[in-house]
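Peer 1: give me coordinates for this.
(3 chains)
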Amino acid sequence: MTTETFAGPQDFFQAQLRWHWIEIAFWLAMLLPFVLTPNYLVLASQIAITALFVLSLDLILGFSGIVSLGHAAYFGVGSYTVGLVSKWGWGEPLTGLLLGGIAAGLFGYLTSFIIARFRHLALIMITLGIGLLLVEAANSASWLTGGFDGLQGIHTWRIFNTFRFDLYGYTAYGYSLAVLFVVFLVARRLIHSPFGLALRGIRENGQRMPAIGAATGQHIRTIYTIAAIIAGIAGATLAETTETVSLESLGFQRSADVLVMLILGGTGRLYGGLLGAIVYMVARDQFSGLNPQYWYFWIGLLLIAVVVLLPNGILGGLTLLARRLKVAS
Amino acid sequence: MRKILCGLAGAALVVFGAAAANAQGTVKIGVIISYSGQFADTGAQMDNGIKLYMKQHGDTVAGKKIELVRKDNGGIAPDVAKRLAQEAIVRDGADILAGFELTPNALAVGDVSAEAKKFMVVMNAATSVITTKSPYIARTSTTTPQLNYTLGVWAAKNGIKKVYSMVSDYGPGIDAETWFQKGFKDGGGQIVGSVRFPVANPDFSAFIQAAKDANPDAIYIWIPGGAQPAAVGKAIAERGIDRSKTKILGQDALTFESALQGMGDLGLGIITVSNYDFNHDSPLNHDFVKAYNDEFHRNPDIFSIGGYDGMHLIYESLKKTGGKTDGDSLIAAAKGMSWESPRGPMSIDPETRDVVQTVYIRRVEKTPNGLRNVEFDKVLNVKDPAKAMKN
Amino acid sequence: MPPVFGVLFDGVAYGMLLFLMSVGLSVTLGMMNFVNLAHCSFAMLGGYVTITLMNAMGWPFLATLPIAFIAAAAASVVLERVFFRRFYNASELDQCLLTIGIVFVSIATAAYIYGTDQQPLQLPTYLHGSFNYRLFLIVVAVVITVALVLGLEATRFGAQVRAAVNNQRMARGLGINVDGLFAITFALGSGLAGLGGALAIAMLGLDPSFAFTYLIYVLIVVSVGGLGSIAGSFAAAMLLGVSDMAGKYYVPAFGSFLIYLVMLLLLIWRPTGIFGRR
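Peer 2: Below you'll find the predicted structure:
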């Protein structure tokens, strides 16, 4: 951590918002799959969507300390909203994202009233319970959601009436990456703001915050709603690019996976989540290709290795490494 | 004259040259199955069926080498299934898509098959509408209506007047319930009660008790494979259901081999409907089961035969097209194809591209080899009633 | 006998099973705050030990139960020495990730060794019948509960455990070897999970995904009952077992709903669990 001095809080935020060259390199590298690995674009598109989903979890877990085992609920609400709207005749992708985000945000806002009141294990189990209830509800309402078979009849229109979602995934990846980048910019701006600092305060010591005049409950509800909106947008993007939605979009497996990816990458650093998503999904794809039956084993080993060797996730480990190299040089 | 001869020679060269070039070609089959997760066992059996067929018939068909590209779907994940299918085609150059034990996955890949115009063989997923998703899909397993409607009609014709129906509350279960009840009512029977239980339900005592209280001639149960059949068997016996008064009807998963092992003698007398059992008495099946035992040290099941016959369809279609792998040629070759399988006679309906086969009614009996599903009645040439009734 | 007794009986038996599988996690989580999501892997291990002894070596069912307990306890001691010990002070999220990694490895290993299909189990004839087996479950669980409660209330070891759960720092300050205590408690809890897993085969089945499937139910019991409380785990397990059974019998359309709804309502009413510390 550099020890700069700042003229005031505005300058502090300005400094935080400056683009580090590594960040620019990262985003440029995200364009590489188009040229280097054009056969992997569909996978890349799903990684981008998952990265967006992990980002939304980071906002509540990494920055605000809310551990959720049911975050896929908002992802799924976004997916099903877009799916249903498309099935009923409106398949325009960009407005679909908006609708998915709004629906998920609404649900997030309503549940945030419950969430904000709890901490620790009770909070985790409540988020889990809400997620599981939603899956059961979706299964029961199979007349609406298609139940086990999934939603059929989704057809996404061309983007700006020009770009068709093709078999190779060029449009899918371009679209997903663009959505990820735009939302990331918003999240980044949000984190490096007084609101973002307040969230970190809540994470560190939730009981102390009201003593300095921060409206804890309201902050938590706000960030939870924002995270739900983003998760909904991610879900909507998945529904649009794959034209499929099923119960597992809402399910426990998805919630657990996103949590694992976030911890793997490193919480509370924005890029940690993105890195975690990339590493986990690429590893899973490669392991599963090499050993379709027992890839679980290797993923388990990877997780154990990361915890043992890299205490703050992959990004934490990399940061430590960078610091050591800087000190050494 | 010389021009014509030159033209003919040139044409011949092109044709033979092309044929020669193709002769060195490989045909890649993208096999998309759940190798891990909750459905890993069905995936393993299907893969075994595929492997056995290739072992017995070699890996060269119509001068081309057959290569499998295996992809793990990991359970119910249609977005993953779609991606794997796209990757199989784009990345690995697959000409044919095969596998699919789960309906949501099959439906998602149907879109890919239609867009890329690739021949797709569904080796297990049993929902009727799957074959309508793409004109290049053929199925070698069965459909839920095909089995359950037949059972319903059979039950009504064989002295069962009142039935209490219980199914798992999700797509396939509800499908089965709809078609069994339709068949039973069409045959003149009466449904005295029905219930749908939660999917991951571990204990059936309460539900079986409710069924017993309704006093039916038979109880119809539909559950997926796994831990549940044995639990059902136990609940049935433990609630004191008198088998001589009340019959138990179900689909094959109820009396799978592992279920019978778990139920023991509690399973005696259960009547089930299926398209295949390893106990089927035909020379072709005995050879098949023996080869399967030798290779994999376990018995084949419906997933194995779906995989085995699916490969047969692929091989025979390729032979018919002379090695051409485009979707139109292959599906044209597959339509109407009929053959004798270890399960019995079967064919691919030229109109619906779905499987037409013999449906067997079996009863669990004690044989010298232990508890087995013994076929005692059958219905030949059953088409998928869902599509047949639409016409 | 009206069906309500049947439902209660089934519910209590199911609850007993959940209790055996959960009590270990409740105590270790309460004592050391160590999030061990691999807890159900020990249950699974116990189940597979029983299967192996019975099917491959022909042991009688009852004889395999103590071995299932010991095997799971031994495995937990090894894991605790090698891995968990180093992570007591790590963040909860790291503990989560570590133990999830262990769950993945255990599932893959089970699938590799035993295959992915359901493991059949033939109970001895005197345990045949739902009434007999459930009665057996209830008796075993009650005996163990009494032993645990007596152990906790009437022995010095138990007093030390209670002290460590209530206030770890103070207990250390009084010279209690909390780490050693935890190792023993952890082994005991995992052993009980192993026993629970072995007993569960006849009721719930056994396949490699067991470690994940029942984790949710165990977490529900632990959170509703309150961390570090045996009485809490017992009460929660009973409540959940009975409401699950009752829900399925009386309102089958809402069968699965009920257990999650009950959990949510209970947690909203009592966030630290029924018998949890405030």
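
Peer 1: let's test this: mean pLDDT of stretch C:89-107, rounded?
Peer 2: What stretch C:89-107 shows for mean pLDDT is 89.

Peer 1: that stretch close to chain B?
Peer 2: No: counting by C-beta under 8 Å from any C-beta of the partner chain, chain B has no neighbours in stretch C:89-107; the shortest distance is 8.7 Å. For glycine as for every other residue, the C-beta is placed from the backbone atoms N, C-alpha and C.

Peer 1: C-alpha coordinates for that stretch, PDB please?
Peer 2: In PDB, the C-alpha atoms belonging to stretch C:89-107 read as follows (Å, rounded to 0.1, in the frame of the first residue of the first chain):
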ATOM      1  CA  ASN C  89      -7.700 -19.200  12.800                       C
ATOM      2  CA  ALA C  90      -8.300 -18.800   9.100                       C
ATOM      3  CA  SER C  91     -11.300 -17.000   7.800                       C
ATOM      4  CA  GLU C  92     -14.600 -18.900   7.700                       C
ATOM      5  CA  LEU C  93     -14.600 -18.600   3.900                       C
ATOM      6  CA  ASP C  94     -11.300 -20.300   3.600                       C
ATOM      7  CA  GLN C  95     -12.500 -23.100   5.900                       C
ATOM      8  CA  CYS C  96     -15.600 -23.400   3.600                       C
ATOM      9  CA  LEU C  97     -13.400 -23.700   0.500                       C
ATOM     10  CA  LEU C  98     -11.100 -26.200   2.100                       C
ATOM     11  CA  THR C  99     -13.800 -28.500   3.400                       C
ATOM     12  CA  ILE C 100     -15.700 -28.300   0.100                       C
ATOM     13  CA  GLY C 101     -12.600 -29.300  -1.700                       C
ATOM     14  CA  ILE C 102     -12.400 -32.300   0.700                       C
ATOM     15  CA  VAL C 103     -16.100 -33.100  -0.100                       C
ATOM     16  CA  PHE C 104     -15.300 -33.100  -3.900                       C
ATOM     17  CA  VAL C 105     -12.400 -35.400  -3.400                       C
ATOM     18  CA  SER C 106     -14.400 -37.800  -1.200                       C
ATOM     19  CA  ILE C 107     -17.200 -38.000  -3.700                       C
END
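
Peer 1: could you see whether chain A lies near it?
Peer 2: Yes: using C-beta under 8 Å from any C-beta, stretch C:89-107 reaches chain A at C:90, C:92-94, C:96-98, C:100-107.

Peer 1: got it, and stretch C:249-261?
Peer 2: Yes: counting by C-beta under 8 Å from any C-beta, chain A has neighbours in stretch C:249-261: C:253, C:256-257, C:260-261.

Peer 1: nearest to chain B within the stretch 101-250 of chain C, name that residue for me.
Peer 2: Nearest residue of the stretch 101-250 of chain C to chain B, counting by C-beta to the nearest C-beta: C:G205, 2.5 Å away.

Peer 1: still on that earlier bit, take the residues of stretch C:89-107 next to chain A and keep only those in helices.
Peer 2: Among the residues of stretch C:89-107 next to chain A, the residues falling in helices (DSSP state H) are C:92-94, C:96-98, C:100-107.

Peer 1: farthest pair within these?
Peer 2: C:E92 and C:I107 (22.3 Å; C-beta to C-beta).

Peer 1: quick one, which of these two is more surrounded?
Peer 2: More neighbours surround C:I107 than the other of C:E92 and C:I107, with 26 against 16 (other C-beta atoms under 10 Å in any protein chain shown).

Peer 1: would you check that the more buried one makes contact with C:S209?
Peer 2: Yes: checked against C-beta atoms under 8 Å, the pair C:I107 and C:S209 is within contact range at 6.5 Å.

Peer 1: please enumerate the strands of the stretch 251-391 of chain B.
Peer 2: Secondary structure of the stretch 251-391 of chain B by DSSP state E, counting those that start in this stretch: the strands cover B:271-274, B:338-341, B:344-348, B:355-367, B:370-382.

Peer 1: so of those, which one's packed in deepest?
Peer 2: Most buried of those by mean neighbour count (mean count of other C-beta atoms under 10 Å in any protein chain shown) is strand B:271-274; its value is a mean of 25.

Peer 1: so for that one, what's the average pLDDT?
Peer 2: On average, strand B:271-274 scores 94.

Peer 1: what's the answer for stretch B:324-337, then?
Peer 2: 93.

Peer 1: where does pLDDT dip in chain B?
Peer 2: B:1-24, B:200-203, B:226-227, B:391 (pLDDT under 70).

Peer 1: how is it partitioned into domains?
Peer 2: B:7-142+B:282-353, B:145-274+B:359-390 (automatic domain parsing).

Peer 1: in a markdown table: these, plus distance to chain C.
Peer 2: A markdown table is the format used below for the domains of chain B (distance: least, C-beta to the nearest C-beta, whole Å):
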| stretch | distance to chain C |
| --- | --- |
| domain B:7-142+B:282-353 | 4 |
| domain B:145-274+B:359-390 | 2 |
